[in-house]
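# Predicted model, plus sequence, below.
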Amino acid sequence: MTDFTESLKNIKNDGRRVMGCYPLYPPVELLHSMGFNPVIMWGLREHIISLTESDKHLQVYACSVARYMIEFIHLNASLLDGIVSYNACDTLRNMPEIVKCMLDGHGKSIPSFTFHVPAVSFEQSAEAGNYLGLHLNRLISAVEKEYHIKFSGDKFAESIELYRTMRNLCREIEALVSKGIIPFYIFCEAVGEGYFTSVEKHIEKLKSVVNDYTSNSKNVKNKRIILSGILNPPIGITKLFENCGLTVAGNDIAMLKRSYAFTPGIKDNPIEYYCSFYQERFPCTTILFSSDRRIDELKSLIENSGADGFVFVGEKFCEYEYFEMPFIEKKLKEWGIPGLFIEISTEDRDNLAQYKTRIEAFSEIL
Amino acid sequence: MTNSSQENNTNENNTNTKTKAGEHLSKIMKEFYINQHLDAQAGKFCVWAAIIVPLEILRGFDIIVGIPENYSAMTASKGLGSAQCERSHQLGFSPDLCSYARIDLGNNLYPPKDAQMPPLPRPDLIITDNNNCSLLAKWFDVYHREYNIPHFILDVPFCYNPQDYDGLNYILSQYKDIIRKIENMTGQKYDIDKTREAMNNTNEALKHWKRFMNAALHKPAGITAFDSFVQMATFVTLRGTPQIVEQYKLLADETEVRIAEKIFPVPDEKYRLLWDNIAPWHQLRKMSSRLKQLDANIVYATYTSCLGTIEGGIDLYEYDGVDPLKHLARTQNFSVCPYGLELRYEVIEKLVDRCGIDGMVFANNKSCKVYSLMQLDIQKRLIDKLKIPSIMIDVDHADVTRYSEEGVFIRIEALLEQIDRYKNVC
């Protein structure tokens, strides 16, 4: 398993600044174009064992994303040149000041930048686009001022293309996973590691995964499922699916498809790019106005992938996901698709027997 | 239908008789809910709004305005919260969701046949905001899907610093979007003069509210925080109406008279405490009674201090009578949750100083993360900077199954001992 601290050190050794980004969808292209290596601080459950520092600042009913993130920042503060966050959810919007308290307590300081992403569609509130533009301009100015650098449209266009390439590769591997050619856990690892490395190295990694497996043309006859949730399931669980004869035909996971499904076609204007990026992206429960579109997308996903079942891997205490689940469950029944709902909590990385039993039972009913 | 359980708590501490303000509150709340149903039967357009959606704007139309959060609080105060939560669990909603939401969803989507409190009239439009709590939008979005009705989300930037000019204008632009939306849906023409009048009413009422809250500054305090919790019902449902002016004037006048007559809720008040979080609706009477036996009074709460204020403030931000929409936009963050740790600490520091607080009770409320998540750091700072003893107790605002009275009071008693020790040292 990749050591993320080592990954950060490698980035620094390559001469790039590290910008720690709060999940879920920070403006990585922009930060990359300004000379940073953005790292999105999620998917840390299997990399951090103790939450000692986090527990001093967050109650146990905060989601694992927030709890591990604060621990990660504590452990890697000296490697982070800055932190960027936006109002992704109620917990994350409160985190910048909590993180500052944590750092202050250790006599540390990291430049912190926040910006606001409108939670509404531009169709409802036309001014929302201008307001996002205003915040992005402020973010760019603040970063320029803090690090004595200048934004460049040309570099931004180059960064967009790199991220587009990376996301296209993710989609390519997703298709190979859907065919049963690449194991789902390999895919999760490859995408998950990408959040803590440079996009250039991530592209190389993804290409190597494609090359390693394209000669494998096995045509498996497993039952096909769609996975949904915020984080990649723990590796032990991702392996369980294939061990139980289930192929992940598609996914609606925030760390996976919701992140790589869409790159705007705009070339070099950051305001236009991110207006599209946040308005038109693959629906997510944290993008408040996208819930209607999400139902349509899930239906398409199920139909296009020929899925036999739907597995929701819920992140405990992520209410954004849980408010939508009863309606999705109802829709699944309408569509004749069996659903399995499992919940992963902060400490769940080893105690997998209960999940094995449930996944096996689910596999049998498909 | 009344919220008598809430009002029973109001200022009956010494005499065990309901105050005039308590009786009047029962009356107007009963009328409010009955009138909603009558208006709905007459075919009036119905909006469900989150509590800090500016009701004064909605007063510019002839419509029904239902407030689900108030309804949930009332349900909880009547001891019916857990049963309604359970009904939402049966619909597939997670027990980890906010108990207000669970009560409301259970009540509306799976109403009990023998309901003591009938659901609110069915809405035609939903309006929420995301600055108090963006999960409100997720909660109300359930109705958007289930009832197939539009859902307007008012997007309000979270404040790490006081609201800026651009933030204010962004909110203002969305108010105009709300107005257009309702005009289009109802065919009514928005009447800004009605909003102006509503804003005047709210402003007048808030002056009385602050006068009422100032009774907490008296030693012994003329009120408890529980009294203020109960009286918030008027603010969240009847903002902008003449009834709220009448209610808060009566409340403030009566409270001042009681102080003059030396009638105090905790006559032998020895400990003055500050509460941080939403009211424990299911415990109002029990908690205040037990505190009284300990000569302790939770005199003030961050939850009720914020009405009529702006970020980080505790004093009334007065309406200048010029532009009601602009004033509403400037005060859109009047509750605690829309602003960050630094501003919240600022409020607490001011309250500790102004109210002569001996100790603080942080209610760790799993149902309200936005209120609770910063408390560990605020508590630490409070101890470090002000040397104020404090405790953190586990309380869910509406789900009694997540509350242990004995566990909480062991902690409260420990806090009082800590205050004694501190006073002796000083």
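Perfect, thanks for sending it. Numbers count the residues shown, from 1 in each chain, chains lettered A, B, ... in the order given.
# tell me which element the most centrally placed residue in chain B falls in.
With distances taken as Cα atoms, centre = their mean, chain B has B:Met232 as the residue nearest its mean C-alpha position (5.4 Å). Using DSSP states H and E, B:Met232 sits within helix B:225-238.
# I'd like to know which elements that helix is packed against.
Identification of packing neighbours for helix B:225-238 by 3 or more Cβ pairs under 8 Å, 6 or more residues apart in numbering or on different chains; DSSP states H and E yields helix B:4-7, helix B:20-41, helix B:68-77, helix B:192-213, helix B:242-260, helix B:284-293, strand B:296-301, helix B:302-305. Using the backbone N, CA and C atoms, a C-beta is placed for each residue, glycine as well.
# the inter-axis angle of the fifth one versus helix B:20-41?
An angle of 170 degrees separates the directions of helix B:242-260 and helix B:20-41 when computed by axes from the mean of the first three to the mean of the last three Cα atoms, to 10 degrees.
# Just list the residues touching the residue nearest to the centre of chain B, thanks.
Counting by Cβ atoms under 8 Å, 6 or more residues apart in numbering or on different chains, B:Met232 touches B:279, B:303-304, B:307.
# same thing with A:Leu80?
Contacts for A:Leu80 were tallied using Cβ under 8 Å, 6+ apart; they are A:8, A:18-20, A:73, A:110.
# got these as CSV, with secondary structure and pLDDT columns?
Supplementary listing: the contacts of A:Leu80 in CSV, determined by DSSP: H, G, I helix; E, B strand; the rest coil; pLDDT from 0 to 100:
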residue, secondary structure, pLDDT
A:Leu8, helix, 96
A:Val18, strand, 98
A:Met19, strand, 98
A:Gly20, strand, 98
A:Ile73, helix, 98
A:Ile110, coil, 98
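# Pull the contacting residues for the closest residue to chain A within the stretch 201-350 of chain B.
Taking Cβ to the nearest Cβ as the measure, the point where the stretch 201-350 of chain B comes nearest chain A is B:Leu341, at 3.8 Å. Residues touching B:Leu341, when contacts are defined by Cβ under 8 Å, 6+ apart, comprise A:94, A:97-98, A:101, B:374, B:377-378.
# separation between the residue lying closest to B:His144 once chain neighbours are set aside and A:Leu136?
Leaving aside its chain neighbours, B:His144 sits nearest to B:His151 (3.7 Å; criterion: Cβ to Cβ, 6 or more residues apart in numbering or on different chains). From B:His151 over to A:Leu136 the distance is 26 Å, taken as Cβ to Cβ, to the nearest Å.
# Neighbour count: the two, which is higher?
Set side by side, B:His151 and A:Leu136 give different neighbour counts by other Cβ atoms under 10 Å in any protein chain shown, the larger being at B:His151 (23 against 20).
# hang on, the earlier thing: nearest to B:His327, of the helices and strands packed on helix B:225-238?
Of all the helices and strands packed on helix B:225-238, the one in closest proximity to B:His327, counting by Cβ to Cβ, is helix B:192-213 (6.2 Å).
# how big is the angle separating that closest one from helix B:20-41?
Orientation note: helix B:192-213 sits at an angle of 150 degrees relative to helix B:20-41 (the same axes, to 10 degrees).
# If you count neighbours, what's buried in helix B:192-213?
Buried residues in helix B:192-213, counting neighbours by 16 or more other Cβ atoms under 10 Å in any protein chain shown, are found at B:194-213.
# Could you do stretch B:267-286 as well?
Judged by neighbour count using 16+ other Cβ under 10 Å, the buried positions of stretch B:267-286 are B:269, B:271-285.
# right, is that stretch up against chain A?
No. Residues of stretch B:267-286 contacting chain A under Cβ under 8 Å from any Cβ of the partner chain: none, with a closest distance of 12.1 Å.
# Show the end-to-end separation of that stretch, please.
17 Å (Cα to Cα, to the nearest Å).
# and A:Ala254, backbone torsions?
With angles defined as degrees, to the nearest 10, A:Ala254 shows backbone torsions of phi -60, psi -40.
# Once you drop chain neighbours, what's closest to it?
The shortest distance from A:Ala254 to any residue other than its chain neighbours is 4.6 Å, reached at A:Ile230 (Cβ to Cβ, 6+ apart).
# Kindly report the same for A:Pro234.
A:Arg349 (4.9 Å).
# secondary structure class for the one you found?
When the structure is split into helix, strand and coil by DSSP: H, G, I helix; E, B strand; the rest coil, A:Arg349 lands in coil.
# do you know how far it is from chain B?
20 Å (Cβ to the nearest Cβ, to the nearest Å).
# Show the contacting residues for that residue.
With Cβ under 8 Å, 6+ apart as the criterion, the residues that contact A:Arg349 are A:45-46, A:234, A:236.
# again with B:Ile278
If you count contacts by Cβ under 8 Å, 6+ apart, then B:Ile278 has B:303, B:363, B:365, B:367-368, B:371, B:397 around it.
# What is the neighbour count of B:Arg411?
Considering only other Cβ under 10 Å, B:Arg411 is surrounded by 15 other residues.
# Kindly apply the preceding question to A:Lys100 instead.
20.
# Give me the phi and psi for it.
In terms of degrees, to the nearest 10, the main-chain angles of A:Lys100 are phi -60, psi -40.
# Next up, the contacts around the nearest residue to B:Phe264 once chain neighbours are set aside.
The shortest distance from B:Phe264 to any non-neighbouring residue, by Cβ to Cβ, 6+ apart, is to B:Pro220 (4.5 Å). Under the criterion of Cβ under 8 Å, 6+ apart, the contact list for B:Pro220 reads B:264, B:266-269, B:297.
# all strands for the chain, in order.
I went with chain A, as the question did not name one. Taking DSSP state E as the criterion, chain A carries its strands at A:17-21, A:36-40, A:82-86, A:112-115, A:223-229, A:246-253, A:309-315, A:339-344.
# wrong one, I was asking about chain B
B:46-49, B:64-66, B:125-129, B:151-154, B:271-276, B:296-301, B:359-364, B:390-394.
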